[in-house]
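A.B. asks: what follows is a predicted protein model with its sequence.
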Amino acid sequence: MTVTDTSVATAVAPETTRPAAVVLTDAERAQVGALADRLAVTGSAATDDVDWIRAVRDASAGLPQRLLAELRAFRHDAGPDGVLLVRNLPVARADGTPLPPTPSYAGSVERTASTAAAVITAAMLQLGEVIAFRNEKTGALVQNVVPVPGQESQQSNAGSELLEMHIENAFHDNRPQYIGLLCVREDPTGEARLATASVRRALPLLSGRTRTVLSEARFLTEAPPSFEGREGAAPAHPILPGAWEDPDVLVDFHATHPLDGEAREAMAELREVFARVASATALVPGDLAVVDNRLAVHGRSRFVPRYDGTDRWLHRVYASLDNRRNRPLRLEAGAVLD
């Protein structure tokens, strides 16, 4: 893939198909749709209700066997790209009920269950336990990623300018291991691209000295704008923590700051290498991109919203592998972290 602008890690080329993709058959799509339509009217049908989450968890065992196997394999090893793309999922009811207009207000979330909300929640519950953060979008478990008027240049899910490559909530000790992004409505302009890049692809292209510097605690990361009331940076940390031969990545190219000149140069080299190995995907309705938040950074290309109800609309859900580790932050053993 050729990337012409390497000044930012989110410079992306036309769509590539490198990340592993699972395309559901029409029969599998119908199976998922029937399951999700039932969940959309189960109990209180509130996405944050513990009883609804329990019902979705139980029902998720009824997802198509091939999809279950792919999700379990991805959980075991996310592969060289750290991304799994599932295509041809349902996002609207089988009875033809039309989708509402794309929301366009700040802090948009899905509190009431829907087919799309049930689909993404069921899939993510096969990877871990769904979580949210009280300071981010009021702790909603199913969040909307939509452009918001007046926030075009904000480095957040509400913006529409180029979104820098990052791992989700890099500043947080209990950040999610997996990010799910389900396309409910595609960008009508065709410009928006989900960009991803894996540290496994980037590692062989880094110089030895850069790898050493990136493995040392010489970087600080601030909280993103979406975290209300959260200020300051986490303690100094490495960008490449973990095993030398297969490290994780811990960086947000907008919010992570090097502490010295050599660290700045190393971070710049990593940014350039990520741009070289990045993949770009124009999501269409029914596409679910699952990103391993330990191995892959993600971002988004620039696009021009219309704010007329037809704009790009994604649902976002987080999954955590270890609910015991974050238990002290979850009031009454709920799913929301303080």
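C.D. replies: Noted; the coordinates are in hand. Numbers count the residues shown, from 1 in each chain.
A.B. asks: can you pull out the helices in the protein?
C.D. replies: If DSSP state H is used as the criterion, the helices of the chain fall at 26-39, 50-59, 65-76, 115-125, 199-202, 208-214, 261-277.
A.B. asks: deepest of those helices, which one?
C.D. replies: The highest mean neighbour count among those, using mean count of other C-beta atoms under 10 Å, belongs to helix 115-125: a mean of 27. Every C-beta, even on glycine, is put in place using the N, C-alpha and C of the backbone.
A.B. asks: how long is stretch 290-299 end to end?
C.D. replies: With C-alpha to C-alpha, to the nearest Å as the measure, stretch 290-299 spans 13 Å from end to end.
A.B. asks: who's in contact with that stretch?
C.D. replies: For stretch 290-299, contacts defined as C-beta atoms under 8 Å, 6 or more residues apart in numbering pick out 9-10, 71, 74, 78, 81-86, 123-124, 127, 162-168, 175-181, 194-200, 248-249, 251, 253, 274.
A.B. asks: so for that stretch, mean pLDDT?
C.D. replies: Across stretch 290-299, pLDDT averages out at 98.
A.B. asks: same check on stretch 258-271?
C.D. replies: 98.
A.B. asks: ok, now stretch 76-85?
C.D. replies: Rounded mean pLDDT across stretch 76-85 is 97.
A.B. asks: got the contact list for it?
C.D. replies: 18-22, 70-71, 74, 196, 198-201, 279, 281, 287-292, 294-296.
A.B. asks: how far off centre is stretch 276-291?
C.D. replies: Distance of stretch 276-291 from its chain centroid, counting by C-alpha atoms, centre = their mean, to the nearest Å, is 10 Å.
A.B. asks: could you verify my assumption that residue 170 touches residue 251?
C.D. replies: Yes. Counting by C-beta atoms under 8 Å, residue 251 is a contact partner of residue 170 at 6.3 Å.
A.B. asks: got any residues that touch both of these two?
C.D. replies: residue 221.
A.B. asks: from residue 123, how far off is the residue nearest to residue 61 when sequence neighbours are not counted?
C.D. replies: Closest residue to residue 61 apart from its sequence neighbours, by C-beta to C-beta, 6 or more residues apart in numbering: residue 68 at 7.7 Å. Shown here: residue 68 relative to residue 123, a distance of 9 Å by C-beta to C-beta, to the nearest Å.
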